[in-house]
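[1] Sharing a sequence plus its predicted fold:
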Amino acid sequence: MQERRFARGACIAGAGQPVEHWMALIDGFAKMSVASEGGRVSTLTGVSAGVWFGEGSLIKHEARRYDVFALRPTRVALMPRRTFEWLRETSIAFNHYLQELLNARLSLFIGALAHERLLDTDARVAHCLASLFNPELYPDAPRQLQVGQIEIGLLANVSRQRVNVALQRLQALGLIRLERRGLTVLDLPGLDGFRAAYGSDPASRDAGAARRA
DNA sequence: GCATTAACCACCG
DNA sequence: CGGTGGTTAATGC
């Protein structure tokens, strides 16, 4: 295997490029994103230390489907296609690991889709943060995240200003602590299970009940 | 009603 | 100074 280093903002892997390696973050932080023909960009998820990615395109022998950008200085491990295929052909344990990885990622994206459609903005931001610490995908992630509010907005698909108010509400509830250019998660289960606190008037409670249902 | 954009200001390295 | 964070006013769905 090889190791490569990327500066903040550098493109680790680009959509459309041929895929010849299975990749993993050794340290640092990156984001996966896609762009439309018109140049509009949507960030799909964050990638932190310990996360493997790119196995889908590697298995299907197709060009990469998304871009990966470093959000801070990042080291990446690259496993050549031949090694990846040899492991797939010879190791049951390796195949089990791959299944668990794919399963965890599937549940991550299904969960994100459900939250996107069912939850209000504060809860979406909370869940987006919590998903970055998914223990299945990120075995021993530190609870400190060095990502600014603009990037959190891109990850959660919410404007930077709205992210700011959501983060401050989460901080007021003791779920996170805001820092300059980052934050620390204080209560991961609480963050993952966060739902909006509704006002005291009956109308908004009904709306809340409908959304919860 | 709520989120978005734009703009402004304060803070910090 | 530029980047980041906190806030507010105008606009749109």
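    It's in.

[2] so where's the longest helix in chain A?
    Criterion DSSP state H: the longest helix present in chain A is helix A:92-118.

[3] how about the strands of chain A, start to end?
    Under the criterion DSSP state E, strands of chain A are mapped to A:2-6, A:11-13, A:21-27, A:29-35, A:41-48, A:52-53, A:67-70, A:74-80, A:144-145, A:176-179, A:182-185.

[4] Who are the contact partners of residue A:45?
    Contacts of residue A:45 were listed using CB atoms under 8 Å, 6 or more residues apart in numbering, and they are A:31-32, A:108-109, A:112, A:131, A:155. C-betas here are computed from N, CA, C, even on glycine.

[5] Single out the most deeply packed of the strands of chain A.
    The highest mean neighbour count among these, using mean count of other CB atoms under 10 Å, belongs to strand A:67-70: a mean of 22.

[6] Restricting to C-alpha, output that one in PDB.
    The C-alpha trace of strand A:67-70 is given here as PDB (Å, rounded to 0.1, in the frame of the first residue of the first chain):
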ATOM      1  CA  ASP A  67     -15.400  14.100  -5.700                       C
ATOM      2  CA  VAL A  68     -13.500  13.900  -2.400                       C
ATOM      3  CA  PHE A  69     -11.900  17.100  -1.000                       C
ATOM      4  CA  ALA A  70      -9.600  17.500   2.000                       C
END
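
[7] Tell me the strands beside that strand, with direction?
    Strand A:67-70 has these partner strands in its sheet, going by DSSP bridges: strand A:11-13 (antiparallel), strand A:29-35 (antiparallel).

[8] How far does stretch A:51-66 stretch from one end to the other?
    Taking CA to CA, to the nearest Å as the measure, stretch A:51-66 stretches 16 Å from start to finish.

[9] Buried residues of it, list them for me.
    Across stretch A:51-66, burial judged by 16 or more other CB atoms under 10 Å covers A:51-55, A:57-58, A:64, A:66.

[10] Quick check: which of the strands of chain A is nearest to DNA strand C?
    strand A:176-179 (5.0 Å; CB to the nearest atom of the strand).

[11] Among the contacts of residue A:45, which one sits closest to DNA strand C?
    residue A:155 (12.7 Å).

[12] Show me the beta-bridge partners of the nearest residue to residue A:12 once chain neighbours are set aside.
    With CB to CB, 6 or more residues apart in numbering as the criterion, residue A:12 has its nearest non-adjacent residue at 4.3 Å, and that residue is residue A:68. For residue A:68, the beta-bridge partners are residue A:13, residue A:32 (DSSP bridges).
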